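Trainee: build me a model from this:
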Amino acid sequence: MALWHFLLLVFISLSRGDARVITLKNRCNTTIWPGFRATTFVSSHSEEWAGGFELKPGASANLQTPVIWIGYIWARYGCSFNPSGHGFCFSGDCGGELACSKENSPVEPATFARLNMNDITGDDTYKLDVINGFNLPISIVPNGPDSSLCETIECVPQDLSNTCPRELQVRNEGHIVACRSGCLAFHKPELCCIGEYANKRVCNHTKYSIAFKNTCPIADTHPNERFVYTVCDTSPNYLIIFC
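Mentor: Have a look, this model is predicted:
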């Protein structure tokens, strides 16, 4: 990070008030293990959370963040961990660890909620990312004072058997647990926007990314959409709803 960028982030942090709160709410009918990673220079979580934890159906948990927080959140499920925090999740796993670290990226496909709280402009920007596929529905809901001025966004496919093409389905014991992107499923340059297709002018939407867009119109479904965010300038808290 350039020195001027670092100093600007520090200035914004000192001038924009107290810490913010991200509330995670599990509306799924199964236990999930939210994972989260921060990409800023500041700590992203309290020590007891340490990058992941269990969240039972109907339960909520608050993540208190610094004023500046840039990172992403996703859901893991079908998990089993021993008392030391080692185990496995059949969807969204991060290296078989309860605490997702920078060294263990989440195994895709997974639905990502990406938030930049007090970014370089001083505003919040956020989006949902299913470029490499999705597993559980997620909504980002601005919460608290002045939150009504900011947009709620959601990706809530209800039935993967109807919304996910058969060749993209990820199954566990006969059940569909996630939906891969065309790139993740077939590793072809024209699906991944790599090699001779790295130029956005020649890497177009495919039938797979279009199917994702039909399911989640507000979410990023194609590499050309990576820099499209929803903007909020009132610094609310956020509610992340799973299912």
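
Trainee: what sits closest to Gly195 if chain neighbours are left out?
Mentor: Spatial nearest neighbour of Gly195, chain neighbours left out: Pro189 (4.1 Å); criterion: CB to CB, 6 or more residues apart in numbering. C-beta coordinates here come from the backbone N, C-alpha and C atoms, glycine included.

Trainee: that neighbour against Asn199, yeah?
Mentor: No - contact between Pro189 and Asn199 fails when scored by CB atoms under 8 Å: they sit 11.4 Å apart.

Trainee: more crowded one of those two?
Mentor: Set side by side, Pro189 and Asn199 show more neighbours around Pro189, with 13 against 8, by other CB atoms under 10 Å.

Trainee: next one: that one relative to Cys183, how far apart?
Mentor: 9 Å (CB to CB, to the nearest Å).

Trainee: what does Arg201 give?
Mentor: 18 Å.

Trainee: who's more crowded, those two?
Mentor: More neighbours surround Cys183 than the other of Arg201 and Cys183, with 23 against 7 (other CB under 10 Å).

Trainee: secondary structure class for that one?
Mentor: When the structure is split into helix, strand and coil by DSSP: H, G, I helix; E, B strand; the rest coil, Cys183 lands in helix.

Trainee: pLDDT wise, what is the residue lying closest to it once chain neighbours are set aside at?
Mentor: Nearest residue to Cys183 in three dimensions, chain neighbours excluded: Cys192, at 3.9 Å (CB to CB, 6+ apart). Cys192 carries a pLDDT value of 94.

Trainee: pairing partners for the most centrally placed residue in the chain in the sheet, please.
Mentor: Nearest to the geometric centre of the chain sits Phe112, at 1.8 Å (CA atoms, centre = their mean). Here Phe112 sits in beta bridges with Asp129, as judged by DSSP bridges.

Trainee: do the same with Gln64
Mentor: Val21.

Trainee: can you get me a residue count around it?
Mentor: Taking other CB under 10 Å as the neighbour definition, Gln64 ends up with a count of 14.

Trainee: what does His86 give?
Mentor: For His86, the count of nearby residues is 13 (other CB under 10 Å).
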